[in-house]
Structure formats: C-alpha cells, structure tokens
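> What follows is a predicted structure for the sequence shown.
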2 protein chains.
Amino acid sequence: MSIYYSYNALLQTTHAILVSMGFSNEHATTCATVLLAAEKRGFATHGIARVGEYHRLWKAGRINTHPKLKIVRETPSTAVVDGNGTMGMIPAKFSMELAIEKAKNVGTGWVSTRNSSNFGIAGHYAMMALEHDMIGITMTNATPLVAPTFSAEAMLGTNPIAVAIPTLSHPPFVADFATAPINRGKFTMAAKKGEKLGFGYAQDSEGHPSDDPTILERGGAILPLGMDREHGSHKGYCLASIVDIFSAVFSGANYGPFVPPMVPYLNPLNQKVGEGVGHFFGAMRIDAFEEALVFKKRMDHWWETFKNAKPIEGKQVFIPGEIEFENEIRALKQGITLVPHVEKELLAVAEEQNVRSLLVAV
Amino acid sequence: MSIYYSYNALLQTTHAILVSMGFSNEHATTCATVLLAAEKRGFATHGIARVGEYHRLWKAGRINTHPKLKIVRETPSTAVVDGNGTMGMIPAKFSMELAIEKAKNVGTGWVSTRNSSNFGIAGHYAMMALEHDMIGITMTNATPLVAPTFSAEAMLGTNPIAVAIPTLSHPPFVADFATAPINRGKFTMAAKKGEKLGFGYAQDSEGHPSDDPTILERGGAILPLGMDREHGSHKGYCLASIVDIFSAVFSGANYGPFVPPMVPYLNPLNQKVGEGVGHFFGAMRIDAFEEALVFKKRMDHWWETFKNAKPIEGKQVFIPGEIEFENEIRALKQGITLVPHVEKELLAVAEEQNVRSLLVAV
C-alpha cells in the first residue's frame, strides 16, 4: 500500500536538502517549488525522482550553489541570460519573469538562456504568464538521447515544449510535452519494474528497433515523435532541432550531442561548444492581439467545443492541461505518493546531507 | 514518360489564370509564386494541384479578388491583420513583411491573421525572414480533418508549422511540416493511384483504424502526429491545437471544426465563430540574441555535426530543408513534372478561363 505525504512535507524536505547543499533560502524555494509542481501535476519522472540526480551533479562539482545571473544582451522584446552554472530552475524563473516584463512593454518578450542545467517541468514557467493575461512558452534542450531520423546515434534531447494559454472559466490550456514519444524517465521506470517498453520508442546502437528499457545505457537511442519516417519521425526531429537551436544556438549554450548529460551512463564530451544547458522562454500579452476578455471567452468556447467532440467508444476527449489540473487538486487534498526507489533515494540523500526527514504520512 | 515544363511556363500559366479570375497583376504574381515554390521544393500536393481548388472556391463566390488588407490592432512587436477574404498568399505575404518590419524595430515581430484562406506552403513565408538575418516562423489552421486523441470526429486541420533559420555556408535550416503524419494531399494521391494507405494514418467515422485513402470522404479523420496515445498522438494534438489558437483565437478567424473547408466533400458549417482561415507569423532578428555572424557560424557547425551523425546502415541523415534545397536547384534546371490528373485539371481550368496555355515541354 502506498504512503501519502503532504505537499508541504515533501516541499520542506526538498528545501532543507537544497539549503544543506549551500543554496540560499530563496533559491532553494524556487527549485523545490518546481520539483513539487511536477509531483502535483502528475509528472513524477520530473519531481522528487530528480533530487538524487541533482545531488550527484552537485557532488561532481557541476552545480554552482551561489549563482550570479546576468543579462548579457537585450532589445525591447528579447534578451539572453547567463545562468552561471546553477540549477536550471533559478535562471528559468528569472528568464521567464524577464520575458513577462518585456511583454508588458512591447507586447511580447523572448529570452534565450545559457549556462543552465535541467530545469524540471517546462510547463511550470509557461504557466507563470497566465496570471498576467499572457500566453507563456517554454522550451529546453536536454541530455542527448534522441536519434534524428536515419541516424544510429543520439544527437538531441527529448527537448520539451510547453505552451500555457488562459481561459475564462475552464482550466487553462497547458500543453507540456517532450518531442519524443516518451521521455527518459519512462525508460528508468520500466527498467526498475522489469518491464519491456513495447516497440516504437527506442533503437539499439545500430539503429535497429528495440523494446529494451536499458538500451540507452548501451548506445541505444529514443526515437523522435512520429516513431519512424513513414509516420513522421522527421517532424519530431524537426521539433527537437528547433528547440535545440532556439535554446542553445541563440544563447551560446551547448547544443545537440554536446549538451552535458544528466544521466550516470553518459559522460560529458570533452569538446564544449557553449556553456551548460540552454532554454528558451516566450511571453505574449493577450491584449497585444485581442481584448483579454474577448480572447478568454473565445478560449472557453474552444475548450467546450473540443471537450464535446464525439469520443471513440469507451474513451474521453481531454483538453491539454485538463488531467494535470485535476491531478493538482487531488495531490493537494490527498497528498503525494512516491514510488519505492524514489522514496528510498530521497531518504538516503536527506541522511547524507544530515537533513532530519520531515516526511510524515498524511 | 513524364513531360517536364519550365518553371517560367508554369508560373506564367498560373499567373494568367489568376488574372483572368480578376486578381491584379501584383496579387496574381504573389499567389503564383507561392504555388510554384511548392512545386520547386517538392511539395506537389501544395502546388499546381491547388489551382483547381481555388478555382472552385472562386466560382462558389468564396474568394475576394479585390481585397483591401487591414491592420486591425498593433503594438511595437505584434499586429492582427484582416485578409478581407482573399487567397491566403496575399495576406500571408503582407503579414510576414509586417512581422519583419516590427522585428527590425524591437527585435521580434508577431502577426496573427484572420479572414484569409489556404496560403500554400508555410515554409515560403518563414523563408522570407532569411535575407534579413532573421528566423522566420509560420503557422496556419486548415480544413478540419484531424481527430484529437480519443475523438471520433475531425476537429483540427493538419495545421503546419514552418521555421527557417539562416546558416553561413550551408543550405538554410527550413523545417516545414504538417502536425499530422501525412497531409490530405497524400490521401488524394493514394486514392487516384488506387493504393491503400497503410495503418497509422487514419481512422473511420467511429474512430477505428483505417487504411482506406477515401475514408475522409465518409466521416473518417487523419490521426495526429504520434499516431496513437501510446506513441504520443496527444503531443500532435497539442501542436495542432497551439497552431489553431495562435492563428485563429488571437486573430478572430474560425477555429477548430469551424474552419471553412477546402475540400469538396465537406461543406462549411452554418455556424461561424470568426472570419475565414487564420495564420500566425513570427520574425526574430538574429542580432537581438547574438551577433549574426557568430550565430551563422554556430549554425554551420550545428549543420555539420548533425550531417556527420553515424547513419543507420544504408541510410543517410538529412538536415531539415536540405532535400527541398536540392529539389529547388533541380527543378529550375530540369523543369517540373505534373502528375496526369493535375496536368489535366490545370489545362481544363485554363480552357474554362480562356487562357491560352503557355505550357511547352522543356
């Protein structure tokens, strides 16, 4: 039977671990909030499961706990931010706030960020725009695990895209998805459970189809969204490439296969082509295009129109963000469960950092 | 054996047909150029094959040949354009030029366009940004033929996304793709040849898998990019939705199932939720993020890195836009072939419009 922990207990434990690593109170709050947002919204692969990964990177000297963020270039609607090699959540929040400020002034704001690291769930930053009556956009490059169409080598991350769009009286439209059929967290989960993946997700080191969830550890790769050339994998490859270029070629971060990996079975390449991981953020003021109230009423109608589409028998049509919205309400009410190996690792990190566990079952 | 026509012969014939329909010389040039760009780049489904479709829409009184374009709202980085119910190429070119002007002033420009119609290939407009050392972005909504995940009804178009990014000494990076595994032109082509589609592309009116290329004419739908829920069709559904919202909810065009259809087997709905078809355009000045020369050198390195990825045996890795770049060179040198039913329809339209055919084989 699963143990349920309260949102606050998990937030405080994560916060305490980050403070013990040397982060300021404010920065630890930023990072813990994003990790817990993943848990609340149902993206367990991007939540507490990542605490151990950051902790390993920190021990390897790859995380700066006292970052000085810098705006290195800007125009009225754009900027480039340097994250000074810290946890991705810190420059990501700063960059999204900057995009929102620019949108207030000239209608839209766009920020490309370098010298960062994994920032958790992309959707969290895109959603920061909602309360300002703006559309938010977030992208990031990531550990190179995805093979372009017809490539035997992994060259790209699962490079997610998130877009958050306000409505008037329904949950906001929030799309937040990797540009591959599944993310690397799903491989780890399947491997831990001893399950096969099914086909259409991965290839081995020669590019042959594989259903082995440990194949990434032996030179295999994730397929792009679209699965194979006949079903449009070149489109997933295009999307992941666009995310990579906006995030890293604009900002001067590492791109493609040079992105420093977050997984223990890949080592950073000796060749660097930039600084750290790259992200891209956008904010568009609704009333730069249409009166906010008119737009949000239209979005309500859009939402209802799609929700009322005739479903396939036994199924239900969901609006992007709808399931995550419900997950969030449930998590705050019922608490959050962790899978056993994630719970065990969290407790081990807490012990190693001399953090008294604040975890109490609900 | 195929007949090759010169680019100029096809351009002039198309131009003459459009002038005979009442378009100004300038507007006919704009439209014919975009249709021929599709032929040159190898997207025959979006080229001369569309002349008959526009001609039918024009005869049905659904195309305004004397449009007055209007900017209905703007900020320093954004605008909304009304296309006055004409052929999509005319407001699309105008809107992209406006996005480029705004990017010159404040770093980026973003335009949402309503009251338009099908604009041909998205990539053509995105590529207009390249000569200004900008990245170009284009999206459009389209005839509702794609079913959201778990929906038995078509609610979205194949809503394409195009992104053009300059390099220094390689063909530009140009991604230009429908957010479905294949576009509706592929269904028509397969049906004309009497071929089956294969699975993973379409469903029947109940949502069951179908390989019948005529299924769209009987209540069937195209699947989103990703094919099924397990392989990420909800991500393709998200992408097509984002394109729909940026193109139509921003601008006040028709969205989702209300988009006026371009195909003879679907009738426009009685309910209108906006004006015509919607598009979205973006231009980002490279030097709003990084010195243009530095960026383009990085893009050259990106291009070479991906081109040199180890290919799957017997295959080759392509960079987005590479094949189309080569197609364009070949088309200008060797001429362009039309499939028999497209050639026949072009000649029939020319005859109906009393346009003396300018088609001479190369």
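Arrived safely, thanks for sending.
> Next, the nearest residue to A:Ser169 once chain neighbours are set aside: phi, psi?
Spatial nearest neighbour of A:Ser169, chain neighbours left out: A:Asp300 (5.7 Å); criterion: Cβ to Cβ, 6 or more residues apart in numbering or on different chains. (C-beta placed from N, C-alpha, C; glycine too.) Dihedral angles phi and psi of A:Asp300 (degrees, to the nearest 10) take the values phi -60, psi -40.
> give me the number of residues near A:Asp300?
Number of residues near A:Asp300 (other Cβ atoms under 10 Å in any protein chain shown) recorded here: 14.
> go on, A:Ala79?
Neighbourhood size, A:Ala79 [other Cβ under 10 Å]: 25.
> Which residues are in contact with the closest residue to chain B within the stretch 251-362 of chain A?
Chain B sits closest to A:Ile312 of the stretch 251-362 of chain A, with a gap of 3.4 Å, by Cβ to the nearest Cβ. Contact analysis of A:Ile312 by Cβ atoms under 8 Å, 6 or more residues apart in numbering or on different chains lists B:150-152, B:203, B:206-207.
> and it, what pLDDT?
At A:Ile312, the model reports a pLDDT of 98.
> Helix, strand or coil: sort out the closest residue to it other than its chain neighbours for me.
Nearest non-adjacent residue to A:Ile312, counting by Cβ to Cβ, 6+ apart: B:Gly207, 3.4 Å away. Following DSSP: H, G, I helix; E, B strand; the rest coil, B:Gly207 is assigned to coil.
> what about B:Gly207, how many neighbours?
21.
> okay, it: pLDDT?
98.
> With the one 4 residues further on instead?
According to the predicted model, the pLDDT of B:Asp211 comes to 97.
> wait, what's in contact with it?
With Cβ under 8 Å, 6+ apart, B:Asp211 has these contacts: B:196-199, B:201-202.
> among these, which are within reach of chain A?
B:198, B:201 (Cβ under 8 Å from any Cβ of the partner chain).
> isn't the residue nearest to A:Ser169 right next to A:Pro172, touching?
No: using Cβ atoms under 8 Å, A:Asp300 makes no contact with A:Pro172, being 11.0 Å away.
> how many other residues sit next to the closest residue to A:Pro148 other than its chain neighbours?
Excluding the flanking residues, the one nearest A:Pro148 by Cβ to Cβ, 6+ apart is A:Tyr237, at 4.6 Å. The number of residues packed near A:Tyr237 is 32, by other Cβ under 10 Å.
> Check which helix or strand A:Tyr237 maps to.
helix A:233-244 (DSSP states H and E).
> got the angle for that helix vs helix B:233-244?
Inter-element angle recorded for helix A:233-244 and helix B:233-244: 60 degrees (by axes from the mean of the first three to the mean of the last three Cα atoms, to 10 degrees).
> What helices and strands are in contact with helix A:233-244?
strand B:161-165, strand B:173-177 (3 or more Cβ pairs under 8 Å, 6 or more residues apart in numbering or on different chains; DSSP states H and E).
> pull the CA atoms of that helix into CSV?
This file holds the C-alpha atoms of helix A:233-244, laid out as CSV (Å, rounded to 0.1, in the frame of the first residue of the first chain):
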residue,chain,number,x,y,z
SER,A,233,9.6,10.9,-37.2
HIS,A,234,11.3,13.6,-39.4
LYS,A,235,8.7,16.0,-37.9
GLY,A,236,9.7,15.1,-34.3
TYR,A,237,13.3,15.5,-35.4
CYS,A,238,12.5,19.0,-36.7
LEU,A,239,10.7,20.0,-33.5
ALA,A,240,13.6,18.8,-31.3
SER,A,241,16.1,20.6,-33.5
ILE,A,242,14.1,23.9,-33.4
VAL,A,243,14.0,23.7,-29.5
ASP,A,244,17.8,23.0,-29.5
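> Many thanks, I have nothing further to ask.
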